[in-house]
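*Asks:* Could you work out the structure for the sequence below:
(chains A and B)
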Amino acid sequence: DAGVTQSPTHLIKTRGQQVTLRCSPKSGHDTVSWYQQALGQGPQFIFQYYEEEERQRGNFPDRFSGHQFPNYSSELNVNALLLGDSALYLCASSLGLGLTEQFFGPGTRLTVL
Amino acid sequence: QQQVKQSPQSLIVQKGGIPIINCAYENTAFDYFPWYQQFPGKGPALLIAIRPDVSEKKEGRFTISFNKSAKQFSLHIMDSQPGDSATYFCAAMGSNDYKLSFGAGTTVTVRA
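*Replies:* The predicted structure is shown next:
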């Protein structure tokens, strides 16, 4: 039973560039949430996708956008990268909307130079 | 602002000791309180979770204590081992707001 997988593992970009991160949820899960974890801090919620729609959004600018595909996998896109976007980006999957357990992937480490 | 306040920032215990991590919250709509363990370079792993209708929950060597009136909850790691050395995060989720709000994390070091 595969857990949450994310790609790529690491990524280096320069300021102003655009990046796409990918996530496949745990088998049987249909909801994907994205979090940003800066070094030494707790994860911060970016947004959540269910039934291919963004259901909730945290306090992140419109430069952060996402998509969910019919197979429940998801992408996180960040445009016009800033140095402050350097972080570990975590994907979490769960079953449905509600007070359910969220299982995290290993994350994608993004470095913006 | 941080919706869940976590302390201490770090702690060191000897093998067999009981590290205790404390969290506090203000939002009374929070209805689910999980704890996550994270090793360097890895994603957070769910350890144990509690709902407000329960005052204590044990899973293996991990125990959550929950005080609804004080809006506080804590994690105890019994008989701690060097392999428990990691960063621990408390979190909270509301019944109408399905995102996790995390504490800032506690780095636990268990010395052999």
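*Asks:* pLDDT weak spots in chain B?
*Replies:* The model of chain B has pLDDT under 70 over residues B:1.
*Asks:* For it, which residues are neighbours of chain A?
*Replies:* Within chain B, the positions near chain A by C-beta under 8 Å from any C-beta of the partner chain are B:6, B:31-32, B:34, B:36, B:41-46, B:49, B:51, B:89, B:91, B:93, B:95, B:97-105. In short, each C-beta sits where N, CA and C put it, glycine included.
*Asks:* mind running it again at 6 Å?
*Replies:* Contacts of chain B with chain A, taken as C-beta under 6 Å from any C-beta of the partner chain, map to B:31-32, B:42-44, B:46, B:89, B:98-99, B:102-105.
*Asks:* Now do the strands in the chain.
*Replies:* Answering for chain A, as no chain was given. Assigned by DSSP state E, chain A shows strands spanning A:5-7, A:10-13, A:19-24, A:31-37, A:44-50, A:53-57, A:64-68, A:74-78, A:87-94, A:103-104, A:108-112.
*Asks:* oops, chain B please
*Replies:* Here chain B has its strands, by DSSP E, at B:4-7, B:10-14, B:20-25, B:30-38, B:45-50, B:56-59, B:62-67, B:72-77, B:86-94, B:97-102, B:106-111.
*Asks:* what sits against the nearest residue to residue A:85 once chain neighbours are set aside?
*Replies:* For residue A:85, ignoring the flanking residues on the chain, the nearest one in space by C-beta to C-beta, 6 or more residues apart in numbering or on different chains is residue A:112 at 5.2 Å. For residue A:112, the contact set (C-beta atoms under 6 Å, 6 or more residues apart in numbering or on different chains) comprises A:13, A:81, A:83, A:85, A:86.
*Asks:* Now do the contacts for the residue nearest to residue B:22 when sequence neighbours are not counted.
*Replies:* Of all residues not flanking residue B:22 in the chain, residue B:74 sits nearest, at 4.7 Å (C-beta to C-beta, 6+ apart). Counting by C-beta under 6 Å, 6+ apart, residue B:74 touches B:20, B:22, B:65.
*Asks:* Return the member of those nearest to residue A:100.
*Replies:* Here the nearest of the contacts of residue B:74 to residue A:100, counting by C-beta to C-beta, is residue B:65; it sits at 23.0 Å.
*Asks:* so that closest one touches residue B:56, yeah?
*Replies:* Yes. Using C-beta atoms under 6 Å, residue B:65 is in contact with residue B:56, at 5.3 Å.
*Asks:* For residue A:40, see how far away residue B:9 is.
*Replies:* Residue B:9 sits 9 Å away from residue A:40, going by C-beta to C-beta, to the nearest Å.
*Asks:* and the contacts of residue A:112 as CSV, adding neighbour count and pLDDT?
*Replies:* Output for the contacts of residue A:112, formatted as CSV (neighbours: other C-beta atoms under 10 Å in any protein chain shown; pLDDT from 0 to 100):
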residue, neighbour count, pLDDT
A:13, 16, 98
A:81, 19, 98
A:83, 10, 97
A:85, 20, 98
A:86, 17, 98
